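S.K.: here you go, sequence then predicted model.
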Amino acid sequence: MTRASSLAELVAAPTQPAELAAHLDDLEHDDRLEQVRSLPGRALAALHERAAGQAVTLEHFVPVEAGEGRAVRHLGVNSLPLFRRFEKRMMRAPGGATLWGYNHQAMGWLTGPGYFRIQPPEPGEDLCIDYHHVPDEHPGAGWPAVRSNACLPDRLVYGFMRDHMRRVSAHVAIGRAERKGRTLDTWFALVREETQA
């Protein structure tokens, strides 16, 4: 099969997960980001289905070479009609077994930073970005003040949320949102920036 010129074409075709990963892995960061961010909502939903069974790990989000306490940027796109582009920043918490992160965006002054925790999943479960838990202390310089997602106005955006994540390629993950245990028809993709040791 001749490789399609874009991720959108591959997602529209019955492409296997390994070929999707190979296509994305062959791209430079800027091209990879452009192709992922060009996907419409229905393609994000299809990509999530295609990634079923593709487990993602903590190391995908914060590679070991990033070290403890160093932020790693993930540039994203979601399936919502507005405010589709966003960014999540993540770092390894002390001890390394947990990741902390927040949503870095222009509307953060209103919605709050949307802090979250990521821990290794239980066997057979997807890894989750969990907004029920926020850091016990301020993670470090340059990060916003820690706020609970249970209080207004943060609760309107991040309250009672978990994002179920799957691996697409070495730098790309796809997620689907859940609120209060109910799976939502909201999908998003994250593209990790290259990490230098």
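M.R.: Done, it's in. Given the structure is predicted, the values throughout are model-derived calculations rather than measurements. Numbers count the residues shown, from 1 in each chain.
S.K.: show me what counts as buried in the helix or strand hosting Thr186.
M.R.: Secondary structure assignment for Thr186, by DSSP states H and E: strand 182-192. For strand 182-192, a neighbour-count test (16 or more other C-beta atoms under 10 Å) marks 186-192 as buried. Placement of C-beta: from N, CA and C, glycine included.
S.K.: tell me what that strand is packed against?
M.R.: Counting contacts by 3 or more C-beta pairs under 8 Å, 6 or more residues apart in numbering; DSSP states H and E, strand 182-192 packs against helix 29-37, helix 41-50, strand 72-78, strand 172-179.
S.K.: and those, which is most packed in?
M.R.: Neighbour counts (mean count of other C-beta atoms under 10 Å) averaged over each of the helices and strands packed on strand 182-192 peak at strand 172-179, with a mean of 22.
S.K.: and the contacts of it?
M.R.: Strand 172-179 is contacted by residues 24, 32, 36, 44, 47-48, 51, 56, 60-61, 74, 129, 159-168, 183-184, 186-192 when judged by C-beta atoms under 8 Å, 6 or more residues apart in numbering.
S.K.: residues in contact with Ser148?
M.R.: Ser148 neighbours (C-beta under 8 Å, 6+ apart): 134, 154.
S.K.: what does stretch 10-17 contact?
M.R.: With C-beta under 8 Å, 6+ apart as the criterion, stretch 10-17 contacts 3-4, 19-20, 23, 39, 43, 46-47, 50-51, 54, 168.
S.K.: now these as JSON lines including pLDDT?
M.R.: Converted to JSON lines, these look like this (pLDDT from 0 to 100):
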{"residue": "Arg3", "pLDDT": "52"}
{"residue": "Ala4", "pLDDT": "57"}
{"residue": "Glu19", "pLDDT": "95"}
{"residue": "Leu20", "pLDDT": "96"}
{"residue": "His23", "pLDDT": "97"}
{"residue": "Leu39", "pLDDT": "96"}
{"residue": "Ala43", "pLDDT": "96"}
{"residue": "Ala46", "pLDDT": "96"}
{"residue": "Leu47", "pLDDT": "97"}
{"residue": "Arg50", "pLDDT": "95"}
{"residue": "Ala51", "pLDDT": "96"}
{"residue": "Gln54", "pLDDT": "94"}
{"residue": "Val168", "pLDDT": "98"}
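S.K.: what is the nearest of those to Gly108?
M.R.: Nearest to Gly108 among the contacts of stretch 10-17, counting by C-beta to C-beta, is Leu39 at 24.4 Å.
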